[in-house]
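Participant: Just need the structure, nothing else, for what follows:
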Amino acid sequence: MTDLVDLARGALHAQPFSMLLGTELMQIGTRDLTLCLPIRDELRQQYGFVHGGVISYLADNALTFAGALALGPRVVTVEYKINYLRPAVNGTLVARAELVYAGRGHATCQCSVFVIDGDKERLIAIAQGTINRVGDGGDGGDGGEGAASREAAHP
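Facilitator: The predicted model follows:
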């Protein structure tokens, strides 16, 4: 399991945007993982809540990492849906994602995003997405607009 943890942490640290935000890998299993992101002022919108784009990013990244557990490291998110349930203000965002289904080239994953503030944990968003394996070729591997249009494969 240590090799998987090291590989996942390496993939996360290779993402400049994730490092800019301060995202950390907290836990990884064979079908699930947890990412966290401490809340700070720069991540808030004008009303003092964590910006929805930050929450969406964390869910997207967790979904993709979960898909990589079945498909390998060269994967991209091709679609996802997120429901925001309540705002987050203080504490740490925690995204727990799990692999629901894996086929040969794609996986379906689900993610719950929580905010932990002190000893309180509250569910703030849920997401589900489809993750595709990227081919070894330079065009993104799927021959279509989906994965090839993404800036870079992640995790």
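Participant: from here on, contacts and neighbour counts on C-alpha atoms
Facilitator: Fine.
Participant: Buried residues, the helix or strand of the chain with the lowest mean pLDDT. List them.
Facilitator: Ranked by mean pLDDT, DSSP states H and E, the weakest helix or strand in the chain is helix 2-13, scoring a mean of 86. Neighbour counts over helix 2-13 (16 or more other CA atoms under 10 Å) mark 5, 8-9, 12-13 as buried.
Participant: The helix or strand containing residue 61: which residues count as buried?
Facilitator: For residue 61, the element it lies in under DSSP states H and E is helix 52-71. Using 16+ other CA under 10 Å as the test for burial, helix 52-71 gives 52, 54-56, 58-71.
Participant: likewise stretch 10-25?
Facilitator: 12-13, 18, 21, 23-25.
Participant: export the residues you listed to JSON lines and tack on distance to residue 110 and secondary structure?
Facilitator: Shown next, in JSON lines, are the buried residues of stretch 10-25 (distance: CA to CA, whole Å; DSSP: H, G, I helix; E, B strand; the rest coil):
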{"residue": "12", "distance to residue 110": "19", "secondary structure": "helix"}
{"residue": "13", "distance to residue 110": "23", "secondary structure": "helix"}
{"residue": "18", "distance to residue 110": "20", "secondary structure": "helix"}
{"residue": "21", "distance to residue 110": "22", "secondary structure": "helix"}
{"residue": "23", "distance to residue 110": "19", "secondary structure": "coil"}
{"residue": "24", "distance to residue 110": "19", "secondary structure": "strand"}
{"residue": "25", "distance to residue 110": "17", "secondary structure": "strand"}
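Participant: from these, which is closest to residue 47?
Facilitator: Comparing the buried residues of stretch 10-25 against residue 47 with CA to CA places residue 21 closest, at 19.7 Å.
Participant: Residue 39 versus the closest one, what's the distance?
Facilitator: In this structure, residue 21 and residue 39 are 9 Å apart, going by CA to CA, to the nearest Å.
Participant: beta partners for the closest residue to residue 43 other than its chain neighbours?
Facilitator: With sequence-adjacent residues excluded and distances taken as CA to CA, 6 or more residues apart in numbering, residue 43 is closest to residue 50, at 5.6 Å. On the basis of DSSP bridges, residue 50 is bridged to residue 44.
Participant: Tell me, how many residues neighbour residue 50?
Facilitator: Close neighbours of residue 50, defined as other CA atoms under 10 Å, add up to 21.
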